[in-house]
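**Q** no sequence for this one, just the structure:
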């Protein structure tokens with residue numbers, strides 16, 4: 001028998017949202033790689049695994065208490081998700097390295113679980129939870145900006161010419177910082193739009209938001225992240241043309257932040273070094289020539305290898321994570337820098353169709369919620385604009401980058417998905433229907449079983465990575481990180 005329970009006005013603390021946002025913010029700040037001794041990427045992967053495990057335990061506890069708000073069985077996204085899970089499981093089982101495939105299958109399963117849990121927390125009080133999450137993002141961005149400026153100041157005092165990558169601390173490859181910016185830059189702009197009022201507290205938070213936004217744009221220009229920059233500009237222009245005056249407050253905030261960030265870059269990273277007799281800091285001055293000399297940055301070879309994999313394994317793919325094994329002879333990267341080709345090559349065309357369907361379901365949900373908004377509801381109109389633009393930016397940047405597979409950007413995408421998803425659900429979650437005990441037991445067993453398989457995948461993939469790190473360098477191809485420091489599963493011969 002089903003029963004309905006009314007949600008009390010006192011909202012519970014957003015455990016999943018807090019854990020994931022704080023972990024994503026602290027990952028490049030703490031410098032735990034010095035303690036763990038595994039490098040930034042692997043340390044951030046461990047942090048990601050810990051927070052995903054914590055969220056999974058929390059969800060299991062909520063299932064036991066019967067306080068989980070389940071999606072309706074008529075929701076198309078639910079059935080697409082189940083189909084995607086089945087296709088991913090079949091692809092992993094048929095892969096050459098099933099346990100390594102289980103690693104990435106588990107990552108995406110528990111990221112999806114995390115995004116759903118964040119969404120249910122946000123839905124209970126979106127007008128409180130969304131500004132709360134954005135305030136945390138703002139504070140963390142300011143802390144990282146302080147760290148980056150400290151490194152910049154040390155470089156000036158030392159009088160040497162720093163490599164631009166050294167100006168972005170906390171990442172093995174500074175492009176991974178750009179991947180996170182694709183999500184966090186729009187959120188910083190949204191926070192400024194949401195902070196209203198003229199009291200002292202509001203003014204301080206608004207000033208903090210502007211400082212963080214300008215810092216973030218400045219650091220984007222320092223790194224000259226072409227994928228992130230183009231994706232954001234196209235997304236801003238797209239929502240501006242589509243939503244016109246309704247999008248203007250957010251678009252204007254982002255544009256002003258970009259102009260101020262460019263000016264700050266020109267003063268701090270170009271003018272000051274040249275005044276001190278040094279060359280300009282940063283990559284922005286080289287980006288035009290670099291784009292002319294190598295517009296694809298070797299991506300054509302990566303995409304061609306992915307296309308070959310699709311031809312060999314069209315429906316279920318070669319197996320999650322397996323691009324790193326098949327295309328290791330290229331010696332370029334462990335992923336194709338294109339999310340469509342990556343899913344098609346590793347998970348198969350069935351999964352591509354599921355992913356496209358889920359994107360369309362998300363867009364439909366956003367449009368449905370937006371249709372019920374009043375034009376004068378500036379806060380919710382800004383949120384809708386931001387959700388649309390951020391989603392577009394992630395999809396566009398993912399066509400030329402690996403933001404879909406790096407630990408910090410994966411966490412940020414889960415945060416964004418949870419916030420936007422929860423915002424669309426907020427009017428409909430005043431009540432929920434409980435599951436019968438038998439169904440709760442089934443869900444609990446599935447969660448535990450998925451965790452066991454995932455743990456086996458983590459252990460196996462890490463054992464292979466550890467063995468590769470001690471192998472002779474002559475036997476190793478140069479690959480960028482994927483699951484761990486080395487992307488492939490066995491030493492190539």
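**A** Yes, it's here. Everything numeric in this text was worked out from a predicted model, so none of it was measured.

**Q** Please make it C-alpha for all contacts and neighbour counts, starting now.
**A** OK.

**Q** Next up, the contacts around residue 134.
**A** 187-188, 190-191 (Cα atoms under 8 Å, 6 or more residues apart in numbering).

**Q** and if we set it to 7 Å?
**A** By Cα atoms under 7 Å, 6 or more residues apart in numbering, the contact list for residue 134 reads 187-188, 191.

**Q** Distance from stretch 314-333 to the middle of the chain?
**A** 22 Å (Cα atoms, centre = their mean, to the nearest Å).

**Q** Could you pull up the mean pLDDT of it?
**A** In this model, stretch 314-333 has a mean pLDDT of 91.

**Q** gap between the two ends of that stretch?
**A** 22 Å (Cα to Cα, to the nearest Å).

**Q** Identify the residues contacting that stretch?
**A** 87, 91-92, 95, 101, 104-105, 305, 309-310, 334-335, 344-350, 477-480, 487-489.

**Q** what comes up buried for it?
**A** 314-328, 332-333 (16 or more other Cα atoms under 10 Å).

**Q** Repeat that for stretch 299-311.
**A** 299, 302-303, 305-307, 309-310.

**Q** so is residue 87 in a helix, a strand, or just coil?
**A** Three-state call for residue 87 (DSSP: H, G, I helix; E, B strand; the rest coil): helix.

**Q** How much space separates it from residue 47?
**A** Per Cα to Cα, residue 87 is found 28 Å from residue 47.

**Q** Could you do residue 340 as well?
**A** As defined by Cα to Cα, residue 340 lies at a distance of 27 Å from residue 47.

**Q** same deal with residue 255?
**A** Distance, residue 255 to residue 47, by Cα to Cα: 34 Å.

**Q** What of residue 242?
**A** Applying Cα to Cα to residue 242 and residue 47 gives a distance of 39 Å.

**Q** quick one: which of the two has more around it?
**A** Using other Cα atoms under 10 Å as the criterion, residue 242 and residue 47 rank with residue 47 on top: 20 against 12.

**Q** Next one, pLDDT for the more buried one please.
**A** 94.

**Q** between the buried residues of stretch 299-311, which is nearest residue 71?
**A** Ranked by distance to residue 71 (Cα to Cα), these are led by residue 310 at 33.4 Å.

**Q** element containing that closest one?
**A** Assigned by DSSP states H and E, residue 310 belongs to helix 299-312.

**Q** what's in contact with the helix or strand where residue 81 lies?
**A** Residue 81 is part of helix 76-93, with elements assigned from DSSP H and E. The contact list for helix 76-93 (Cα under 7 Å, 6+ apart) reads 98, 101-102, 105, 316-317, 319-320, 347, 351, 354, 358, 361.

**Q** What is the neighbour count of residue 372?
**A** Residues contacting residue 372 under the criterion other Cα under 10 Å number 8.

**Q** swap that for residue 356, sorry
**A** The number of residues packed near residue 356 is 13, by other Cα under 10 Å.

**Q** and what of residue 69?
**A** 18.

**Q** ditto for residue 361
**A** By other Cα under 10 Å, the residues close to residue 361 number 16.

**Q** cool, and residue 209?
**A** Neighbourhood size, residue 209 [other Cα under 10 Å]: 27.

**Q** packing partners for the helix holding residue 310?
**A** For helix 299-312, the packing partners by 3 or more Cα pairs under 7 Å, 6 or more residues apart in numbering; DSSP states H and E come out as helix 339-346.

**Q** In contact with residue 253: list those residues for me.
**A** Residue 253 sits next to residue 189 when contact means Cα under 7 Å, 6+ apart.

**Q** how far away is it from residue 450?
**A** Going from residue 253 to residue 450 by Cα to Cα gives 43 Å.
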